[in-house]
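J.: Requesting a structural model of the entry that follows:
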Amino acid sequence: MHLATARRAAAGLVVAAADVLVGAACAGCRRPGIGLCPDCRRELAGPPVPAAPRPAPTGFPRCYVAGSYAGVTRAALTAYKERGALTLAGPLAGRLAAAVAALLCEAGAAHCLLVPVPSSPAAIRRRGLDTVATLAGRAAADLRRCGVAARARPALRQTRRVADQAGLGTAARAANLAGAFRAGARPREPRPVIVVDDIVTTGASLTEAARCLAAAGWPVLGAACVAATRRRSAARGPDRPGEPVRSLA
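T.: Numbering: from 1, shown residues only. Purely as a prediction, here's the structure:
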């Protein structure tokens, strides 16, 4: 077996084992069960809404999210990304699909290509998979089952190392990601592109991804994410919430 293939297989086994362990309790409320209990699934559900950081970076695409990065949504995303709870990929992808569907409905489009914001190679090695690309693929499958001609394609790749975005402010995040992505060759008859990610915070990742794709000739329709964070304001103190990223307007 090729070394790279063996490593991917080993990583998959580790993630699967972690999935069994983490899935022994509901990720939202910790009651016994697998994945999410019925109550937490209901809390996870809700109508998608438009979202934009405040202030939004120049070039930030039209974006829909399935909810706020809080409560069950936050717990589920954390368990999925950081603890290998792959049983949560289904419900989270379903929420991403709902956000995509809302954007398509607004735009009057019936087909699309979902392009995930690329994860860093280090994050993929640590987690054993590309969590955002996995959600994109499953969301596209959910949309096809509902009659939407959707496909997922990793049309972006990271071309250089970037610093961990956690703890960086708006300007620092934008500078950190500037020129960090490269788009693949545009198809002859491209579908409208929706950039997808798990969480939108300052909007730097979505903005740079959309800019890179548009510069390469891809027709970017907008963006969709599972959740939007609530920003914190230094003027209000470290423990008090600042202006929310999520916008209902």
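J.: Arg156 bridge partners, please.
T.: Actually, residue 156 is Leu. It isn't Arg. Ala183 (DSSP bridges).
J.: dump the residue contacts of it.
T.: Contacts for Leu156 (CB atoms under 8 Å, 6 or more residues apart in numbering) come out as Val115, Pro116, Val117, Pro118, Phe181, Arg182, Ala183, Gly184, Ala209, Cys212, Leu213. Just so you know, the C-beta spots here come from the backbone N, C-alpha and C atoms, and that holds for glycine as well.
J.: 10 Å instead, please
T.: 115-118, 180-184, 195, 208-209, 212-213, 216, 218 (CB atoms under 10 Å, 6 or more residues apart in numbering).
J.: Helices - which of those residues land there?
T.: Glu208, Ala209, Cys212, Leu213 (DSSP state H).
J.: Name the nearest residue to the third one, ignoring sequence neighbours.
T.: Pointing back at Cys212 there. What sits nearest to Cys212 in space, not counting adjacent residues and going by CB to CB, 6 or more residues apart in numbering, is Phe181, at 4.5 Å.
J.: wait, the one you found sits on Arg157?
T.: Yes: Phe181 lies in contact with Arg157 (CB atoms under 10 Å); the separation is 7.0 Å.
J.: Quick check: neighbours shared by the two?
T.: Joint contacts of Phe181 and Arg157 (CB under 10 Å, 6+ apart) are Pro118, Cys212.
J.: ok, which stretches of the chain are strands?
T.: Taking DSSP state E as the criterion, the chain carries its strands at 49-50, 63-65, 111-116, 149-152, 156-158, 181-183, 193-200, 220-228, 230-232, 241-244.
J.: how near is Leu206 to Ile124?
T.: 19 Å (CB to CB, to the nearest Å).
J.: again but with Phe60, I slipped
T.: Taking CB to CB, one finds Phe60 at 26 Å from Ile124.
J.: Could you do Pro48 as well?
T.: In terms of CB to CB, Pro48 sits 27 Å off from Ile124.
J.: ok, back up a step: Leu206 and Ile124: who's more crowded?
T.: Per other CB atoms under 10 Å, whichever of Leu206 and Ile124 has more neighbours is Leu206, with 28 against 18.
J.: so who does the more buried one touch?
T.: 51, 53, 56-57, 59-61, 63, 117, 177, 195-197, 200, 222-225.
J.: Which among those count as buried?
T.: Neighbour counting with 16 or more other CB atoms under 10 Å marks 51, 53, 56-57, 60-61, 63, 117, 177, 195-197, 200, 222-225 as buried within the contacts of Leu206.
J.: any weak-confidence spans in the protein?
T.: Applying pLDDT under 70 to the chain picks out residues 1-23, 160-180, 231-249.
J.: hang on, the earlier thing: of the contacts of Leu156, closest to Leu36?
T.: Of all those, Leu36 sits closest to Pro116, with 22.5 Å by CB to CB.
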